[in-house]
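Colleague: build me a structure from this.
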Amino acid sequence: TDTDSSTDARLREFLTYHTKIAGFDHVYVYDNSDTNASSLAAVTDLFLPHLVTRIPWPHRVCNNNRPMHANPGERSSQYAAENSCRARYGPDTTWMTSLDVDEFLIPSGKQWNNVRHWLEHVSSNEKSTKILSFFQTRALPNIDLMIPYEGSSTSSCKVGENADSKSDAIFNS
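Modeller: Model (predicted):
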């Protein structure tokens, strides 16, 4: 099968951002790699186990069509992985999101330090909120809100501890 050689770099960037900068407590990576050789373990193992968990997910196709439908369906198993994560980890999680490796949850505006800070505000001010929906855009980032990165290369990234709270993400490869 064809593999995307940038997957490791993109996943490392995704995990570094969401665990270190955005303030997520934990990220569950559902790895549907075909073989151990293409596994995402080399990247997830760079992160402390209490921050990132890789779940081997060999399910490649999920049929969501009604019985006797003309198209048997070949949808990705992403929906099944998301349901698995909600069933396994949802009861112990206050907030959970499902993101692809090219999606970054970034609160806009200068009043939010990170996603955790924003979710604390939502939790304390909107008691009945259960689901948040977002407008997606492929717009350019607001350069005025960006801070230049002056650290070392992330190629040997080991991510440290985060404060205690419960905000998790799942990533589907």
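Colleague: contacts and neighbour counts: CA atoms only from here.
Modeller: OK.
Colleague: what is the burial count for Y17?
Modeller: Y17: 17 surrounding residues under other CA atoms under 10 Å.
Colleague: could you check how far it is from W57?
Modeller: Separation of Y17 from W57 (CA to CA, to the nearest Å) stands at 23 Å.
Colleague: now N114
Modeller: Distance from N114 to W57, by CA to CA: 30 Å.
Colleague: repeat for H121
Modeller: Distance from H121 to W57, counting by CA to CA: 34 Å.
Colleague: neighbour count: those two, which is higher?
Modeller: Taking other CA under 10 Å, H121 and W57 do not tie; W57 has more neighbours (18 against 12).
Colleague: what pairs with S98 across the strands?
Modeller: I170 (DSSP bridges).
Colleague: mind listing what D8 touches?
Modeller: Shown in contact with D8 (CA atoms under 8 Å, 6 or more residues apart in numbering): 40, 43.
Colleague: let's see 7 Å
Modeller: With contact taken as CA atoms under 7 Å, 6 or more residues apart in numbering, D8 is in contact with V43.
Colleague: same check, this time on A81
Modeller: Here A81 is in contact with Y30 (criterion: CA under 7 Å, 6+ apart).
Colleague: so it is in which element?
Modeller: helix 78-89 (DSSP states H and E).
Colleague: buried set for that helix?
Modeller: Buried residues in helix 78-89, counting neighbours by 16 or more other CA atoms under 10 Å, are found at 78, 81-82, 85-86.
Colleague: and the strands in this structure?
Modeller: Per DSSP state E, the chain has strands spanning 26-31, 52-56, 95-99, 167-172. These are given in chain order.
Colleague: just put these in TSV and tack on mean pLDDT, mean neighbour count and distance to S39.
Modeller: Putting these into TSV (pLDDT from 0 to 100; neighbours: other CA atoms under 10 Å; distance: least, CA to CA, whole Å) gives the following:
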stretch	mean pLDDT	mean neighbour count	distance to S39
strand 26-31	93	23	7
strand 52-56	94	19	8
strand 95-99	88	17	19
strand 167-172	51	22	13
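Colleague: where does the protein have its least confident helix or strand?
Modeller: Across the helices and strands of the chain, mean pLDDT, DSSP states H and E gives its lowest value to strand 167-172, namely a mean of 51.
Colleague: before we move on, the earlier item: so the helix holding A81 versus strand 26-31, what angle?
Modeller: 140 degrees (axes from the mean of the first three to the mean of the last three CA atoms, to 10 degrees).
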